[in-house]
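Asker: mind looking at a prediction? Sequence and model below.
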Amino acid sequence: MRNGGDNRSRLLLVILIVTSLFLITLDLRGVAVMQGARNGAQTILSPFQRGASFVFTPVGNFFSDIAHLGRTRSQLKSLEDENAKLRERILTRKSIDVEVGQLKTVLNLAGKASYKVVNARVISQGSSASFTQTIIIDAGANMKITRDMTVISGDGLVGVVKDVYPNTSLVMLASDPSFRVGVRIADTAQIGILSGQGTSHAVLQLLDSQSSVKVGDVLLARGSQGDKPFVPGVPVGQVTYVADSAGAVSATAEVRYFAHLSSLRVVAVVVKAPAEDPRDALVPPKPFPTPTPTVTIYVTPSASPSPSTKK
């Protein structure tokens, strides 16, 4: 029994080997029958392949996404950090550009009048125990700055040094309500006192009852004895409104400061005044436009004639 089974197994093996060799020979010779069989098999298996792909491809993509999720989050965090750094650089560049622009204008103003100045950056702005309108600058006794020195910007008068520390100084702004400065109307000898009001405007009080002032007049600092607290010739502001002076001892007017006191970045402290008064050399070439008076015309409609009645 065992020998008969072994013989059948050997015969089956021989038949399979011969058949395999036959099919391989036909395939190598390019017989059309084999190509058709292969195509038929492919046709039969294609639906199963597509079905398997439909089922298993999303599963593969899901696990692939999970594998790459950590990497994607890391890339997003890197991009966010890079964008934050770029924004910071842009803001820093804009701030530097503003400071450079203000530095150029203040040096130009000081150069025209031959003021000897020390440049300083504004490091804080606010109020102090003594004044409501102040700034702190990053220059003090280390830069030979002393009390009662004039502080200017590229547009004109900023204020006066009130307290000096080793590396910083406290400056009272011209807008402070306790601020007073003697001024002169440009191109004239008329003088007055300008008082801060806590805003971008001040009040001018002329000292001579015979003096007059008009809208558009430019005011310059008169200068003090020994050039402290004010050096002469610094542009202060322009008259924007003149009060009705009928019956008043002297004329009063509202003045707008040239300096932008709320947006200061760079200022200069005048440590030495010129040998001669610069007079009107620092009058701005393009001061504020003079306001045009507004005229209101009221029109009263005439009564329409009533229709006549014929009898």
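Answerer: In hand now; what should we look at? Residues are numbered from 1 along each chain as shown.

Asker: three-state assignment of residue 237?
Answerer: strand (DSSP: H, G, I helix; E, B strand; the rest coil).

Asker: quick one: buried residues of the helix or strand hosting residue 267?
Answerer: Following DSSP states H and E, one finds residue 267 within strand 266-272. Going by neighbour count (16 or more other C-beta atoms under 10 Å), the buried part of strand 266-272 is 266, 267, 268, 269, 270, 271. C-betas here are computed from N, CA, C, even on glycine.

Asker: possible to save those residues as a markdown table with distance to residue 156 and pLDDT?
Answerer: Conversion of those to a markdown table gives the following (distance: C-beta to C-beta, whole Å; pLDDT from 0 to 100):
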| residue | distance to residue 156 | pLDDT |
| --- | --- | --- |
| 266 | 14 | 94 |
| 267 | 11 | 96 |
| 268 | 12 | 97 |
| 269 | 15 | 97 |
| 270 | 12 | 97 |
| 271 | 18 | 96 |
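
Asker: okay, these in a markdown table with distance to residue 227 next?
Answerer: Converted to a markdown table, those look like this (distance: C-beta to C-beta, whole Å):
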| residue | distance to residue 227 |
| --- | --- |
| 266 | 22 |
| 267 | 17 |
| 268 | 15 |
| 269 | 12 |
| 270 | 8 |
| 271 | 10 |
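
Asker: show me the helices in the stretch 1-150 of the chain, by range?
Answerer: Using DSSP state H, counting those that start in this stretch, the helices of the stretch 1-150 of the chain run over residues 2-28, 32-113.

Asker: enumerate every residue touching residue 122.
Answerer: Residue 122 makes contacts with 135, 136, 137, 264, 265, 266, 267, as judged by C-beta atoms under 8 Å, 6 or more residues apart in numbering.

Asker: apply 10 Å and report the result again.
Answerer: 99, 102, 135-138, 153, 158, 171, 263-267 (C-beta atoms under 10 Å, 6 or more residues apart in numbering).

Asker: and what of residue 120?
Answerer: For residue 120, the contact set (C-beta under 10 Å, 6+ apart) comprises 106, 135-140, 143, 145, 151, 168-169, 171, 266-269.

Asker: please apply the same query to residue 153.
Answerer: Each residue near residue 153 by C-beta under 10 Å, 6+ apart is listed here: 102-103, 105-106, 109, 122, 159, 258-261, 263-268.

Asker: of those residues, grab the buried ones for PyMOL.
Answerer: Applying 16+ other C-beta under 10 Å to the contacts of residue 153, the buried members can be selected in PyMOL as follows:
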select buried, resi 102+103+106+109+122+159+258+259+261+264+265+266+267+268
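
Asker: on that earlier part again, just the contacts of residue 122 now: which is nearest residue 128?
Answerer: Distance to residue 128 across those (C-beta to C-beta) is lowest for residue 136, with 8.9 Å.

Asker: for the nearest residue to the closest one once chain neighbours are set aside, give its distance to residue 198.
Answerer: Nearest non-adjacent residue to residue 136, counting by C-beta to C-beta, 6 or more residues apart in numbering: residue 124, 4.4 Å away. Residue 124 is 19 Å from residue 198, where distance means C-beta to C-beta, to the nearest Å.
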